[in-house]
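**Student:** just to be clear, the model below is a prediction. Sequence and coordinates:
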Amino acid sequence: MIKANNITKQFGKLRALDEVSVSFQKGECIALLGPNGSGKTTLIKSLLGMVVPDKGDIYFNDKNIAGQWKHRDRIGYMPQIGRYPENMTIAQVIDMMKDIRKKDTAEIDEELIHRFGLPNMMHKKMRALSGGTTQKVSAALAFLFKPDALILDEPTAGLDPLSSEILKQKIIQEKQNGKLILITSHILSELDDMITEVFYMQEGRLLFHKKLSVLKEETGEIKLSKAIASIMSAQLI
Amino acid sequence: MKKILKYVIVDIVQNKIVLIYTFLLLVISLSVFSLENNSAKGMLSLLNIVLIIVPLICAVFSTIYIYNSGEFIVLLVSQPLKRRTIWLSLFFGLATSLCLAFFIGAGIPILLYHADATGFMMIAMGLCLTVVFVSIAMLAAGLARDKAKGIGLSIMLWMYFSLIFDALALFFLFQFQDYPLEKIMTLMSFLNPIDLGRIQILLQMDISALMGYTGAVFREFFGNSLGISLSFLGLSVWAAMPLLISLRRFKKKDL
């Protein structure tokens, strides 16, 4: 569903992405892992067209996305730090998004809005919201239009345990609906029951892209966190 | 395009700075006209406002507004929208609301007190300069990533067009005063949108009679309908070029 060939991106002297190739299929839930600054967010932003790679092509449903914009209609994106126009209320932001995407009401999924209890604070301005509430708005917006692909950049960072559990349930449910889900997170323990594949990056390069089951077999560990830890320590030696 | 334009205009119109700007223009133009019985003198005072203050406010406000909408732009770029649509909506939103502010603040008093060819030319030039300097602000904001640098750049550009360019032109004139420079000066005025506006308004005011031989040359070139059309064409190029350059940069920008 999403393919990329040898994408490279340079920010000044820093090489954020170095000849990265990816191939993500429908129905998979992929964890993008790697240390801070390994290029995860840059990769996500390249897939969305927010960052223009210096080299390489990206395909969404077999169409090259360079200079294109229509494919973003099929993608729900939840940024790491959601930033919204400060003067708008939650209701206005949601209405604006609906207006931009212009979907029938049948195609709108407001489950997260209700489960997060957002209807009670619809009149609040975005600048008055706490970090966690802003994250809830971001998550609700990402799922709002029933997109084919979901890109979630550290979705549970800043959410309270109850809300992050709601979000996890929603992610699992969408995965079963046959959608492609990309997640970056540093909390490996919560990824165990969601993901099917692991995509590990380091210093802008792809280190490995494997099925979770294969990874666990190779390392002989049951937990993802232990499996990753054993790979990382093996590398240090 | 329309949808985003709507959100941008609603946001700008709610902005207090634009309201204050409109109100200030209104107070200035009404007081200028009611100070003297002769509305032509009022027009002369308004000329400086239109040529100096309006470009400055438009350039600085637009630059700051674009930087402050950074979050809004990032949000829109991740949605199914063309980057071109987003950038042009910002431009047209700013241009429309600032033109509206100018029209209410200065246009209506001019129409009330001095509704003749000079008045119409003054309103037209004020609106043109508003659009040109919004475009220049888009260029400054597109070139510099840093907010302070962008605002500095747009103030520098304003200063260049309103002060430095004229100083350079005078310097050039004195250095080569032994040569006939009238034609070159006419061409040079196309390099500065403020000069184009100034010449057109002054020609309507009949003050050009006091400007001697250069005034006569200007009158011959700019005074007829071809000259007026050429100045408006020049101003349109000034409005389009910075915008198109900034659009090209924005399309490749990493957000």
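**Tutor:** Structure's in. What do you need?

**Student:** dump the helix or strand containing B:Gly93 to CSV, keeping only the CA atoms.
**Tutor:** Using DSSP states H and E, B:Gly93 falls within helix B:83-102. Presented in CSV, the C-alpha positions along helix B:83-102 are these (Å, rounded to 0.1, in the frame of the first residue of the first chain):
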residue,chain,number,x,y,z
ARG,B,83,0.1,23.5,-1.1
ARG,B,84,-0.6,26.1,-3.8
THR,B,85,-4.2,26.4,-2.5
ILE,B,86,-3.0,27.0,1.1
TRP,B,87,-0.4,29.6,0.2
LEU,B,88,-2.7,31.5,-2.3
SER,B,89,-5.6,31.4,0.2
LEU,B,90,-3.3,33.1,2.8
PHE,B,91,-2.3,35.7,0.2
PHE,B,92,-5.9,36.4,-1.0
GLY,B,93,-7.2,36.4,2.6
LEU,B,94,-4.6,39.0,3.7
ALA,B,95,-5.0,41.1,0.6
THR,B,96,-8.8,41.1,0.8
SER,B,97,-9.0,42.0,4.4
LEU,B,98,-6.3,44.7,4.3
CYS,B,99,-7.9,46.2,1.1
LEU,B,100,-11.2,46.2,2.9
ALA,B,101,-9.6,47.9,5.9
PHE,B,102,-8.0,50.5,3.6
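
**Student:** list the buried residues in that helix.
**Tutor:** B:83, B:85-102 (16 or more other Cβ atoms under 10 Å in any protein chain shown). C-betas here are computed from N, CA, C, even on glycine.

**Student:** out of these, who's near chain A?
**Tutor:** For chain A, the contacts drawn from the buried residues of helix B:83-102 by Cβ under 8 Å from any Cβ of the partner chain are B:Arg83.

**Student:** sorry, back to before: which residues are contacting whichever helix or strand comes after the helix holding B:Gly93?
**Tutor:** Using DSSP H and E, the helix or strand that follows helix B:83-102 in sequence is helix B:108-113. Applying Cβ atoms under 8 Å, 6 or more residues apart in numbering or on different chains, the contact partners of helix B:108-113 are B:Leu26, B:Ser29, B:Leu30, B:Phe33, B:Ser39, B:Gly42, B:Met43, B:Leu46, B:Gly119, B:Met122, B:Ile123.

**Student:** can you check stretch B:140-159 too?
**Tutor:** By Cβ under 8 Å, 6+ apart, stretch B:140-159 touches B:55-56, B:59-60, B:62-64, B:66-67, B:133, B:136-137, B:139, B:245-247, B:249-250, B:253.

**Student:** from those, which would you call buried?
**Tutor:** Using 16+ other Cβ under 10 Å, the buried ones in the contacts of stretch B:140-159 are B:55, B:59-60, B:62-64, B:66-67, B:133, B:136-137, B:139, B:246-247, B:250, B:253.

**Student:** these: which ones sit near chain A?
**Tutor:** Checking the buried ones among the contacts of stretch B:140-159 against chain A (Cβ under 8 Å from any Cβ), the matches are B:Lys253.

**Student:** for the chain, which element, helix or strand, carries the lowest mean pLDDT?
**Tutor:** Since you didn't name a chain, this refers to chain A. Here the helix or strand of chain A ranked lowest by mean pLDDT, DSSP states H and E is helix A:224-236, holding a mean of 81.

**Student:** could you do chain B instead?
**Tutor:** helix B:212-222 (a mean of 77).

**Student:** next helix or strand past that one?
**Tutor:** helix B:225-251.

**Student:** what angle do that next one and helix B:83-102 make?
**Tutor:** 130 degrees (axes from the mean of the first three to the mean of the last three Cα atoms, to 10 degrees).

**Student:** tell me what angle helix B:225-251 forms with helix B:212-222.
**Tutor:** Using the same axes, to 10 degrees: helix B:225-251 against helix B:212-222 is 80 degrees.

**Student:** any regions of the chain where pLDDT drops low?
**Tutor:** No chain was given, so I picked chain A. A:103, A:236-237 (pLDDT under 70).

**Student:** chain B is the one I meant
**Tutor:** For chain B, the ranges with pLDDT under 70 are B:206-212, B:214.

**Student:** ok, which stretches of it are helices?
**Tutor:** B:2-14, B:16-35, B:39-48, B:54-68, B:70-77, B:83-102, B:108-113, B:117-143, B:147-159, B:165-175, B:182-188, B:193-205, B:212-222, B:225-251 (DSSP state H).
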